[in-house]
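**Q** Build me a model:
(one chain, ligands or ions: 2)
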Amino acid sequence: MPVIRTLSQVVRRMLLSPACDCRTSVVPTRFLGFSPRQIPADANFHSISVTETDHPCVLITGGLGQLGVGLANFLRKRFGKDNVILSDIRKPPNHIFHSGPFIYSDILDYKNLREIVVNNRITWLFHYSALLSAVGEANVSLARDVNITGLHNVLDVATEHNLRLFVPSTIGAFGPTSPRNPTPDLCIQRPRTIYGVSKVHAELMGEYYHYRYGLDFRCLRYPGIISADSQPGGGTTDYAVQIFHDATKNGKFECNLKPNTRLPMMYIDDCLRATLEVMEAPEKSLSMRTYNINAMSFTPKELAQEVLKHVPEFQITYNVDAVRQAIADSWPMNFDDSNARKDWGWKHDFDLPELVTTMLNFHGSDTGLPKLTENIKWKSACNLDSCQGKMIKFFML
Ligand SMILES: NC(=O)C1=CN([C@@H]2O[C@H](COP(=O)(O)OP(=O)(O)OC[C@H]3O[C@@H](n4cnc5c(N)ncnc54)[C@H](O)[C@@H]3O)[C@@H](O)[C@H]2O)C=CC1
Ligand SMILES: CC(=O)[C@H](N)C(=O)O
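**A** Numbering: from 1, shown residues only. Ligands and ions are numbered 1, 2, ... in the order given. Okay, here's the model as predicted:
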């Protein structure tokens, strides 16, 4: 009897403790046996604290998308150019290839991923590879592979090598039965897209690995991100980026969402700063492992009105895409990020007026000379030529 009581106490403690002490004795079953992911019995599961080294050695997966290049530039300013490796399955253009380390990495190839982590002594991993909401609906099986199987590889390699792991989630992780105005961190999540389902899966798996194996998993649910010098990869919020390109180039824009569709949005500088801040936050300040972050919420009509203040001839028309509209109608309208603000001091800098001024200044409309920047020209060409571009063109609804 005492033996049974002791055993049941041990099991209870393992299940209840956060980042339980069972880390050295219990590992995911797929690590056992002669699997390539085998972990030696004497493996050290204690996280290497970043403070033990001068700086983290960073790997970014899916780094050639809308957000990855900006993240690499941002992190390189802080940690040094050579300590941040950008990776993707696409061929980088010259200016990105020469701006710092770039490496081929397919997240579906576990051995390739592990080799990169080992050879480069990676300590932090930012996992950006994904198929976004609209592209995902157009190719469910690829989205399932990249967003779910790829995530499993990343979680395993991060656990095996004691990495600090950042995985972005999204407003798309909520669905029509979630409270939409505002949407809190903890509520019903029943998304109706493969993108949303895969992101809820990522949140839950990351948190599970944290509590079960001690993985230092950190996750932010991003709103729609608006960037000036990079193109979005096929999402529902893409209109809020495209509108600036079209306003400055042609003075008009055809929107694929209805005028009153309200969605949470954020300028990329705020998004990247939040990402670094949560990665640098002391563990004890994190009462959760997945946080909503927010900056502003607007509709296409409100955004167009703000653009009009700078480009008086600007015209917006609407040609609604039924798939994107259905997705947007199931997503949060306002995001409650009070936990991020309370726990680790999150504060956004850009509201709608600053966002619009910044975007239009970047594209040169304030000079009266609409222009398409070189970077965007490259991005357009790249999107047509690249595998992802081909896929988007081929599968787009
Ligand atoms: N951009 C946004 O508004 C938001 C983005 N996020 C998340 O942030 C992350 C980055 O987003 P974006 O840069 O906008 O995405 P994106 O679609 O622009 O880029 C994704 C990248 O993943 C790469 N990729 C695809 N399959 C891969 C594979 N097998 N192995 C390695 N890489 C692969 C693609 O080549 C592409 O460069 C994603 O996880 C996304 O879900 C979350 C909310 C909002
Ligand atoms: C909000 C996102 O996750 C992304 N921009 C999308 O629209 O799919």
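**Q** quick one: the helix or strand containing R273 to chain centroid distance?
**A** Assigned by DSSP states H and E, R273 falls within helix 268-280. Taking Cα atoms, centre = their mean, to the nearest Å, one finds helix 268-280 lying 11 Å from the centre of the chain it belongs to.
**Q** what does the next helix or strand along the chain from that helix contact?
**A** Going down the chain from helix 268-280, the next helix or strand is strand 290-292, by DSSP H and E. Residues outside strand 290-292 that contact it (Cβ atoms under 8 Å, 6 or more residues apart in numbering) are 169, 183-185, 203, 206-207, 219-221, 278, 335-337, 339-340, 343, 346. C-beta here means a position set from N, CA and C on the backbone, and glycine is covered the same way.
**Q** quick one: strand 290-292 near ligand 2?
**A** No - judged by Cβ under 6 Å from any ligand atom, strand 290-292 and ligand 2 are separated, with a smallest distance of 12.3 Å.
**Q** Could you spell out the sheet neighbours of the following helix or strand past that strand, each with its direction?
**A** Next helix or strand after strand 290-292 toward the C-terminus (DSSP H and E): strand 296-298. Looking at strand 296-298 with DSSP bridges, its partner strands are strand 263-267 (antiparallel).
**Q** Mind naming the longest helix for this structure?
**A** Secondary structure of the chain per DSSP state H: the longest helix is helix 194-213.
**Q** Name only those of the contacts of strand 290-292 that count as buried.
**A** For the contacts of strand 290-292, a burial check counting by 16 or more other Cβ atoms under 10 Å picks out 169, 183, 185, 203, 206-207, 219-221, 278, 335-337, 339-340, 343, 346.
**Q** could you pull out the strands for the stretch 1-150 of the chain?
**A** For the stretch 1-150 of the chain, the strands defined by DSSP state E, counting those that start in this stretch cover 58-61, 84-88, 102-104, 124-127.
**Q** residues contacting L71?
**A** Going by Cβ under 8 Å, 6+ apart, L71 touches 60, 63, 126, 128, 272, 275.
**Q** Now intersect the contacts of strand 290-292 with the strands, please.
**A** 169, 219-221 (DSSP state E).
**Q** Can you verify my assumption that G251 contacts F314?
**A** Yes - in this structure, G251 is within contact of F314 by Cβ atoms under 8 Å, at 5.8 Å.
**Q** Neighbour count: these two, which is higher?
**A** The residue with more neighbours, out of G251 and F314, is F314; 20 against 14, by other Cβ atoms under 10 Å.
**Q** Could you measure from the more buried one over to E302?
**A** Here the criterion is Cβ to Cβ, to the nearest Å. By it, F314 lies 14 Å from E302.
**Q** Ok, I316 next?
**A** 11 Å.
**Q** what does L151 give?
**A** Here L151 is placed at a distance of 35 Å from E302 (Cβ to Cβ).
**Q** Can you pick out the residue with more neighbours from these two?
**A** More neighbours surround L151 than the other of L151 and E302, with 21 against 15 (other Cβ under 10 Å).
**Q** neighbours around the residue nearest to the more buried one when sequence neighbours are not counted, how many?
**A** Counting by Cβ to Cβ, 6 or more residues apart in numbering, A202 is the residue found nearest to L151 once chain neighbours are left out, at 5.1 Å. Number of residues near A202 (other Cβ under 10 Å) recorded here: 27.
**Q** Listing request: residues of this protein with sub-threshold pLDDT.
**A** By pLDDT under 70, the weakly predicted segments of the chain are 1-53, 365-397.
**Q** re the thing from before, I'd like the ones in strands among the contacts of strand 290-292 laid out as CSV, including distance to ligand 1.
**A** Output for those, formatted as CSV (distance: Cβ to the nearest ligand atom, whole Å):
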residue, distance to ligand 1
S169, 7
C219, 10
L220, 8
R221, 7
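**Q** which among those are in contact with ligand 2?
**A** Among the ones in strands among the contacts of strand 290-292, proximity to ligand 2 is found for none (Cβ under 6 Å from any ligand atom).
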